[in-house]
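In: Model the structure of this input:
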Amino acid sequence: MKTTLTFMLLALASAAYGNSVPGVPAFDVDCPGKIMVHADQDGPVMINSKEAQTKMINDRLFEAKGPDVTISISIADDDTVAVTYTSKKGGNGICQSVDD
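Out: Residues are numbered from 1 along each chain as shown. From the prediction side, this is the model:
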């Protein structure tokens, strides 16, 4: 019984941090087509308030996937963040930073 309980607790803890991706920068952007993207430092990445599946391509490039859109996040050598999107409906482009 203790082993089962321990396993369940570990599984729940993993799920809570399952979409944390070290290195993801914090940002808020709006993309054309009413796509809003928010990320906390080290994730998660949220697309229109829904958590996206995020993966590290390399230490300066990340990809976040939602149901209808893929967000590409790149970090330049000067640590500026550029965010682009590709929609399954055929749209793509550059996302604009949201001023606080």
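In: drop to CA atoms for contacts and neighbour counts, all remaining ones
Out: Will do.
In: Toward the C-terminus from the helix or strand encompassing Phe62, list the very next helix or strand.
Out: Phe62 belongs to strand 61-65 when assigned by DSSP states H and E. Going down the chain from strand 61-65, the next helix or strand is strand 69-75, by DSSP H and E.
In: Centroid-nearest residue for this structure?
Out: Ranked by distance to the mean C-alpha position of the chain (C-alpha atoms, centre = their mean), the top residue is Val45 at 2.7 Å.
In: looking at it, it is touching Ala64, isn't it?
Out: Yes - contact status for Val45 versus Ala64: in contact at 6.8 Å, counting by C-alpha atoms under 8 Å.
In: any common contacting residues for the two?
Out: Here Val45 and Ala64 have 52-54 as joint contacts, going by C-alpha atoms under 8 Å, 6 or more residues apart in numbering.
In: Just put those residues in JSON lines and tack on distance to Val37, neighbour count and pLDDT.
Out: Shown next, in JSON lines, are these (distance: C-alpha to C-alpha, whole Å; neighbours: other C-alpha atoms under 10 Å; pLDDT from 0 to 100):
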{"residue": "Ala52", "distance to Val37": "10", "neighbour count": "23", "pLDDT": "97"}
{"residue": "Gln53", "distance to Val37": "13", "neighbour count": "19", "pLDDT": "97"}
{"residue": "Thr54", "distance to Val37": "12", "neighbour count": "23", "pLDDT": "97"}
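In: With that, I have no additional questions.
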